[in-house]
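Asks: Just to be clear, the model below is a prediction. Sequence and coordinates:
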Amino acid sequence: MGSRVIMECAVGGKFFSPIFSSTRSVAVEKRKLPSLHKKIKFCSSKFKIQASQAETHLSPEAELQAEKRGSSTGVGVGELIWPSPSDGTPFWKKDFPSSGVSPEVFADVKDSDPKHIIHVTAEMAPIAKVGGLGDVVTGLARACLSRGHTVDIMLPFYECIQKQHIKDLTVITKYNSYHDGNWVPTTAYRGVVSGIPVIFIEPSNLFFKGQYVYGGSYNELEAYLFFSRACLEWMQVTSTQPDIIHVHEWQTGALPLLYWDIYHHLSLKPRIVLTIHNMEHYGECSKEQLSKSGLEGSVYASIDKAVDDRTIGHNPERLSLLKGGIVYSNAVVYFGILNGIDITMWNPATDIFLPVKFNDQKPEGKKFCKYYVQRGLGLASEGTQDGNHVPDITYKAPLVVCITRLVPQKGLHLISHAIKHIEELGGQMVILGKASDVRVQTEFEGLAKLHNQGPCIRILLMFSDELSHMLYAAADMVLVPSIYEPCGLTQMIGMRYGAVPVVRKTGGLADTVFDMDDQSNHNKANGFVFEGIDEGSLNCALDRAFTYFREKPDEWNGIIKKVMEVDNSWNNTAGKYVELYNSI
Ligand code: ADP
């Protein structure tokens, strides 16, 4: 994959005249996926729970430390009032304490040769998250920080980012970055998000303005071309020399081109790693659009550079930013390394969003989380009639959750079929999903209208990080019926929160979930797996899961314990990234 690198010289932000070539080793990794609380007093007709003082005021750090020491105090219950659908503010929108997580808490492994890594990304959890990309960037960054590396994340300063989640936000640099014949005044801010240093890039034009991370009324492709260059320009003007620039997805696919053909020859010396999280999106781009970044678009219009092979012979042929990124990066990871989950953010023993904490040693709190969600969403739950008695937490309707972007990849027809089947089986289902396509949105709005007044189904068409935490904690099962899934995080998060996964056997789901009824692999068995993309296959997996839940309680509790003990953390896989950083 080694290819010519073209150096061009700067004149007013435009670069031309190829005069330099060099070979880089581009390692395209092959896919190698591996394969309670105590003393709760129930009082008052509002089901108010009170805990003893000693349990209520542990800071998240103290709870984390306690958990590390194996102490039993990490499952405290604060003062809790059961929510109801008629509450003025929905239960997932109330004010939550800040997590105050410090990466130092997890500094178990230290690498001998610490590097400076800068992630350049369109998403970061929790402040700018749409899907797994945000989780991966935050989790990997934290894992590397805790191993002794210096890590920064560079992120567009989206207007929708809630500034109260950023600690110590300060302007650090005012500079200009090139776009489409102009130098755009740009501001760089520094702040700390969930213990991780972040540099926010804010152009003075319309880019990144709007209510959401994606879909503002500006040209998205051009905005990310601008962002890719503005990150390098910032490194250039501030003489920042990381060892590694780690880019993610098509949005930052032009950065390796800009780096090797402009900034490397100005002063920057890092190496570039590209991680592809999802090949579905590849940043289709015209030569003219690429030229707006200051590169000469036509220079990249060849098969060994950025032309999308699939458009050869078309008029016009198109470039793909992702392809350009693949060709121009020192190493490319396409799920050659399994993702992990950020066990700081996703920790039922300390999760600030949970009404009651729990862990694998003391799972009782999970039942209260289920009851809390059932009450809050108006789902059937026993004990709701008599305001004075202890809620009957043994109510036997399994709660299945599906938390997902509503896109074809995720198996939309299976998700909507599951609603019907789970209802027939006497279970409950909550879908938390966001659609970007109007037709999908309309279809699910129709389903919501049909079901949301009943006692067992809720379809919530929105993005809510807070609610997602509560749903994982409440769920008996997490459904992931993807048509394809490069890795998938929801099954891993679900497992950590004691939700048994019911998944389609594909990609990373096949590598992390093993069927309970597969006798050949009983040691690993931790969920329910189906292969077909038809409704019957899904039914069969759900039927089996419901039978275990209802008829084999001991085995079911055993699965819950087992899934909570599975270590899908970055502890297992961050080291592979560090090896890759070292190797280039
Ligand atoms: P993908 O990256 O394809 O979206 P993943 O399974 O890798 O899928 O990651 C999805 C992440 O996004 C998980 O953290 C999941 O909880 C979160 N998520 C997806 N949809 C929503 C939603 N509507 N509200 C809150 N979180 C969501």
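Replies: Sure thing, it's come through. Numbers count the residues shown, from 1 in each chain.
Asks: can I assume Cys540 sits in a strand?
Replies: No: counting by DSSP: H, G, I helix; E, B strand; the rest coil, Cys540 is located in no strand; its state is helix.
Asks: right, and it touches Phe530 too?
Replies: Yes: contact status for Cys540 versus Phe530: in contact at 6.2 Å, counting by CB atoms under 8 Å. C-beta: built from backbone N, CA, C; applies to glycine.
Asks: Look at those two and report which has more neighbours.
Replies: For Cys540 and Phe530, the more surrounded residue by other CB atoms under 10 Å is Phe530, and the numbers stand at 21 against 15.
Asks: Could you measure from that one over to Lys562?
Replies: According to CB to CB, to the nearest Å, Phe530 and Lys562 sit 20 Å apart.
Asks: What helices and strands are in contact with the helix or strand containing Val136?
Replies: For Val136, the element it lies in under DSSP states H and E is helix 132-146. Judged by 3 or more CB pairs under 8 Å, 6 or more residues apart in numbering; DSSP states H and E, helix 132-146 is in contact with strand 116-120, strand 150-156, strand 196-203, strand 244-248, helix 570-583.
Asks: near the ligand at all, that helix?
Replies: Yes: for helix 132-146, a contact with the ligand is found by CB under 6 Å from any ligand atom, at 132-133, 135.
Asks: Next, count neighbours for Thr344.
Replies: The burial count for Thr344: 24, using other CB under 10 Å.
Asks: so where's the stretch 51-200 of the chain uncertain?
Replies: The model of the stretch 51-200 of the chain has pLDDT under 70 over residues 51-79, 99-107.
Asks: for the ligand, what are the nearby residues on it?
Replies: With CB under 6 Å from any ligand atom as the criterion, the stretch 51-200 of the chain meets the ligand at residues 131-133, 135.
Asks: quick one: which of those is nearest to Asp108?
Replies: Distance to Asp108, by CB to CB, is smallest for Asp135 among those, at 20.8 Å.
Asks: Relative to His451, how far out is the closest residue to that closest one other than its chain neighbours?
Replies: Excluding the flanking residues, the one nearest Asp135 by CB to CB, 6 or more residues apart in numbering is Ala125, at 4.8 Å. Distance, Ala125 to His451, by CB to CB: 29 Å.
Asks: which one of the two has more residues nearby?
Replies: Ranked by neighbour count (other CB under 10 Å), Ala125 and His451 place Ala125 first, with 23 against 18.
Asks: my guess is the more buried one contacts Leu140, does it?
Replies: No: assessed by CB under 8 Å, Ala125 is found out of contact with Leu140, at 11.0 Å.
Asks: most packed of the helices and strands packed on helix 132-146?
Replies: Comparing the helices and strands packed on helix 132-146 by mean neighbour count (mean count of other CB atoms under 10 Å), strand 244-248 ranks first with a mean of 27.
Asks: Does anything pack onto that strand? Which helices or strands?
Replies: If contacts are counted by 3+ CB pairs under 8 Å, 6+ apart, strand 244-248 sits against strand 116-120, helix 132-146, helix 255-258, strand 271-275.
Asks: Need the winner for burial among the ones you listed.
Replies: By mean neighbour count, with neighbours taken as mean count of other CB under 10 Å, helix 255-258 ranks first of those at a mean of 28.
Asks: Contacts for that helix next, please.
Replies: The contact list for helix 255-258 (CB atoms under 8 Å, 6 or more residues apart in numbering) reads 120, 228-229, 231-232, 245, 247, 272, 274, 293-295, 300, 306, 324-325, 327-329.
Asks: Low-confidence ranges, the protein, go.
Replies: Under the criterion pLDDT under 70, the flagged ranges of the chain are 1-79, 99-107, 335, 382-395.
Asks: near the ligand, which residues of it show up?
Replies: Residues of the chain lying near the ligand by CB under 6 Å from any ligand atom: 131-133, 135, 278, 403-405, 432-434, 463-465, 468, 487-490, 493.
Asks: State the number of residues packed around Glu443.
Replies: A total of 16 residues lie near Glu443 under the criterion other CB under 10 Å.
Asks: does it sit in a helix, a strand or a coil?
Replies: Classified using three-state DSSP, Glu443 is helix.
Asks: list the contacts for the residue nearest to it when sequence neighbours are not counted?
Replies: Leaving out its chain neighbours, the residue that sits closest to Glu443 by CB to CB, 6+ apart is Ser416, at 7.3 Å. Residues in contact with Ser416 (CB under 8 Å, 6+ apart) are 443-444, 447.
Asks: Make JSON lines out of those residues and add distance to Phe514.
Replies: Below are the contacts of Ser416 laid out as JSON lines (distance: CB to CB, whole Å):
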{"residue": "Glu443", "distance to Phe514": "33"}
{"residue": "Phe444", "distance to Phe514": "31"}
{"residue": "Leu447", "distance to Phe514": "31"}
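Asks: From the ligand, how far out is Gly216?
Replies: According to CB to the nearest ligand atom, to the nearest Å, Gly216 stands 19 Å off from the ligand.
Asks: contacting residues around the residue lying closest to that residue once chain neighbours are set aside?
Replies: Spatial nearest neighbour of Gly216, excluding adjacent residues (CB to CB, 6+ apart): Gly210 at 3.0 Å. Counting by CB under 8 Å, 6+ apart, Gly210 makes contact with 158-160, 216-218.
Asks: repeat for Tyr218
Replies: 205-210.
Asks: Correct me if wrong, but it is in a strand.
Replies: No: per three-state DSSP, Tyr218 lies outside any strand segment and is coil.
Asks: separation between it and Met154?
Replies: Distance, Tyr218 to Met154, by CB to CB: 19 Å.
Asks: Quick check: end-to-end length of stretch 270-289?
Replies: End-to-end distance for stretch 270-289: 26 Å, by CA to CA, to the nearest Å.
Asks: Buried residues, it. List them.
Replies: For stretch 270-289, burial by neighbour count (16 or more other CB atoms under 10 Å) applies to 270-278, 282-285, 287, 289.
Asks: cool, and stretch 289-303?
Replies: Buried residues in stretch 289-303 (16+ other CB under 10 Å): 289-297, 299-301.
Asks: where along the stretch 301-450 of the chain do the helices fall?
Replies: Taking DSSP state H, counting those that start in this stretch, the helices of the stretch 301-450 of the chain run over residues 321-328, 365-377, 412-424, 438-451.
Asks: between those, which gets nearest to Ala510?
Replies: Evaluated with CB to CB, those place helix 412-424 nearest to Ala510, the distance being 15.9 Å.
Asks: and the angle for the closest one with helix 438-451?
Replies: Counting by axes from the mean of the first three to the mean of the last three CA atoms, to 10 degrees, helix 412-424 points 0 degrees away from the direction of helix 438-451.
Asks: Distance to Asp518 for the helices and strands packed on helix 132-146 - can I get that in JSON lines?
Replies: Formatted as JSON lines, the helices and strands packed on helix 132-146 follow (distance: least, CB to CB, whole Å):
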{"stretch": "strand 116-120", "distance to Asp518": "38"}
{"stretch": "strand 150-156", "distance to Asp518": "40"}
{"stretch": "strand 196-203", "distance to Asp518": "39"}
{"stretch": "strand 244-248", "distance to Asp518": "34"}
{"stretch": "helix 570-583", "distance to Asp518": "23"}
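Asks: Tell me the spacing between the closest residue to Arg318 other than its chain neighbours and Leu257.
Replies: Excluding its sequence neighbours, the residue lying closest to Arg318 (CB to CB, 6+ apart) is Thr311, at 4.4 Å. In this view, Thr311 and Leu257 are 18 Å apart by CB to CB.
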